[in-house]
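Peer 1: turn this into a structure:
(one chain, ligands or ions: 1)
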Amino acid sequence: MSHPPVILWFRRDLRLSDHPALVAAAAFAKERGASLLPIFIWEPGLIAGPRSSANRTWFLRESVTELAGSLRELGSSLVELQGPAATALPRLISELRATAGSDEIALFLTRDHTPFARKRDRAVADLLAPLGVQMHAKRGLVVVEPEELLTGGGTPYGVYTPYFRRWLERVDASAPLPAPKKLPPLPTPTPKSTVDQTLLDAHAVPTAQINELPKPGERAARAHADAWRRLVSEYASRRNTLADTAGTSHLSAALHIGLLSPRELVARELPLPPVQEGERSGERLWVSQIAWRDFYTQVLWHAPHAAHGAWRPSYDAIKWSDDQRLLEAWKNGATGYPIVDAGMRQLVATGFMHNRARMITASFLTKDLLIDWREGEAHFLRHLVDGDIAANNGGWQWCAGSGTDAQPYFRIFNPVTQAGNFDPDGEYVRRWVPELAALHTPAIHAPWAHPKALSEVGITLGVDYPEPIVDHAEARQRTLAAYSVALKPERG
Ligand SMILES: Cc1cc2nc3c(=O)[nH]c(=O)nc-3n(C[C@H](O)[C@H](O)[C@H](O)COP(=O)(O)OP(=O)(O)OC[C@H]3O[C@@H](n4cnc5c(N)ncnc54)[C@H](O)[C@@H]3O)c2cc1C
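Peer 2: Numbers count the residues shown, from 1 in each chain. As a prediction, this is how the structure comes out:
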């Protein structure tokens, strides 16, 4: 009887380059003269659960299809299984056992750190160990693994700046692992795909405009990352301009499902240009964003309660408003604050939102409308093609004041000031709120304050574009009161 196949379970690592688990699995199989079985498991909760997104499912499905093609070019293939993994894997093992005897089966995978992935992987490990399966978890989703970087006192970092300093020292700057040129053969007979195509078809139709979504697959992601290298030095000066569509890398969706290795992207920017006269280079700033990604991953790893509640638990005492009318206006980009509406409409139309707009819209929901950050977190997750539990949660909690590094709650973004600073010509608003396109700055950012400009271009508030749904100054006072009541130190 032949040696049992080595299984390579692809998850959020849908690439061939710089893929430690792929390289290790192929080498292990070769050494034993065994076959290699690459698999992907479609988790029903990720396709159709409360935190799923048709935009992400589409991007994932297309990327999985491309990976399958790339594997075929290497003499292998990808067997897609219907999840949950806790059912699919034991079934696969018993199928393989029928032809491969009782030798230990090796299963290689890339570590994933989300609360869902941890729970799944623990359950799978418990189920597979008695079936004689040895799991080999490798790195590759983040640059520095969550438990690799702790403070001097052995506690997790809750502040980013010292984390980043130490993180930079820990980056493995070696050359990327090359994509294999050939892979061991598939086992025969090869297990059949069990994917529920009907379920997938129903949930993989993007809600965003398809031509606005990033191109799926490793090849397109790599081409995009290579083009970005020509712009990265300008990142420091361009990243905060809302209308500048090439001011940031737009690599977040590719990083989310591992079409690219974050370690490779960082390593190729090293050594970073020195900090000159207090100015950070574009390269350094950009690399520091990848460190934010690792930072929020380790925050959730060490504080899983933050997935559902405030990272600083005292913030759970805030009395949020349940005004559905305000929440709907925010979701629909109809708040009467053009910069907020532009961001919200960009999200729905493209599955992406500029980072600065994410901060402005999140601040508006939590601080102007006093609506629970979890409502916003869920809405973002429904639409973002880069929707990532850790980064999204970290971003929302930062904006609500309840997270790590959070700005003090009494520092509240003024949406009009933000608009003036980061959309100085009104170009971003003009693109996403076309009914205001005839207005110039400053009127386009605060139309209610410019009745003459409105009448000159024939725009009537409340008819052509909403009146502001709240008064920012009043909302600010209400929020300060609500936060200070909740956060008052307990007496006695
Ligand atoms: C409320 C809120 C929600 C967010 N939700 C998400 C999310 O679901 N998924 C997500 O990837 N990012 C999220 N971010 C972070 C950030 O907005 C996006 O990563 C960024 O806009 C993606 O665009 P880019 O690829 O052009 O980024 P770039 O500016 O080119 O940055 C490069 C990469 O670094 C990472 N990155 C950048 N900023 C952050 C950050 N603050 N936190 C974590 N990683 C970061 C991303 O992987 C990004 O692709 C959120 C931020 C806020 C304020």
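
Peer 1: number of residues surrounding residue 174?
Peer 2: Neighbour count for residue 174, taken as other CB atoms under 10 Å: 10. (Glycine included, C-beta is placed from N, CA and C.)

Peer 1: isn't it up against residue 267?
Peer 2: Yes. Between residue 174 and residue 267 a contact is recorded at 7.0 Å, counting by CB atoms under 8 Å.

Peer 1: which non-adjacent residue is nearest residue 334?
Peer 2: residue 466 (5.0 Å; CB to CB, 6 or more residues apart in numbering).

Peer 1: verify the contact between that neighbour and residue 329 for me.
Peer 2: Yes. Between residue 466 and residue 329 there is a contact at 7.2 Å, judged by CB under 8 Å.

Peer 1: now the common contact residues for the two.
Peer 2: Listed as contacting both residue 466 and residue 329 by CB atoms under 8 Å, 6 or more residues apart in numbering are 335-336.

Peer 1: ok, now which ones touch the one residue in the stretch 351-492 of the chain that gets nearest to the ligand?
Peer 2: Across the stretch 351-492 of the chain, no residue is closer to the ligand than residue 395, which sits at 2.4 Å (CB to the nearest ligand atom). Listed by CB under 8 Å, 6+ apart, the contact partners of residue 395 are 296, 358-359, 362.

Peer 1: filter those residues by proximity to the ligand?
Peer 2: Applying CB under 6 Å from any ligand atom, the subset of the contacts of residue 395 adjacent to the ligand comprises 296, 358-359, 362.

Peer 1: of the residues you listed, just say which sits nearest to residue 228.
Peer 2: Checking those against residue 228 by CB to CB gives residue 358 as the nearest, at 19.5 Å.

Peer 1: roughly how far apart are the residue nearest to that closest one when sequence neighbours are not counted and residue 488?
Peer 2: Closest residue to residue 358 apart from its sequence neighbours, by CB to CB, 6+ apart: residue 395 at 6.1 Å. Note on residue 395: its distance to residue 488, by CB to CB, to the nearest Å, is 27 Å.

Peer 1: now swap in residue 141 and tell me
Peer 2: 41 Å.

Peer 1: comparing those two, which residue is more hemmed in?
Peer 2: residue 141 (25 against 10).

Peer 1: quick one: list the elements packing against the host helix or strand of residue 345.
Peer 2: Residue 345 belongs to helix 338-350 when elements are defined using DSSP states H and E. Judged by 3 or more CB pairs under 8 Å, 6 or more residues apart in numbering; DSSP states H and E, helix 338-350 is in contact with helix 324-331, helix 355-363, helix 373-383, helix 415-422, helix 427-432.

Peer 1: how about the residues of this structure that lie near the ligand?
Peer 2: 239, 248-252, 255-256, 289-290, 292-293, 296, 355, 358-359, 362, 380, 384, 386-388, 391-392, 394-396, 399.

Peer 1: pick out the residue of the stretch 51-200 of the chain closest to the ligand.
Peer 2: residue 160 (9.3 Å).

Peer 1: pretty sure that residue contacts residue 295?
Peer 2: Yes. Contact criterion CB under 8 Å: residue 160 and residue 295 qualify, at 5.4 Å.

Peer 1: who has more neighbours, those two?
Peer 2: residue 295 (26 against 19).

Peer 1: ok, now which ones touch that one?
Peer 2: Residue 295 neighbours (CB under 8 Å, 6+ apart): 157, 160, 163-164, 167, 394, 404.
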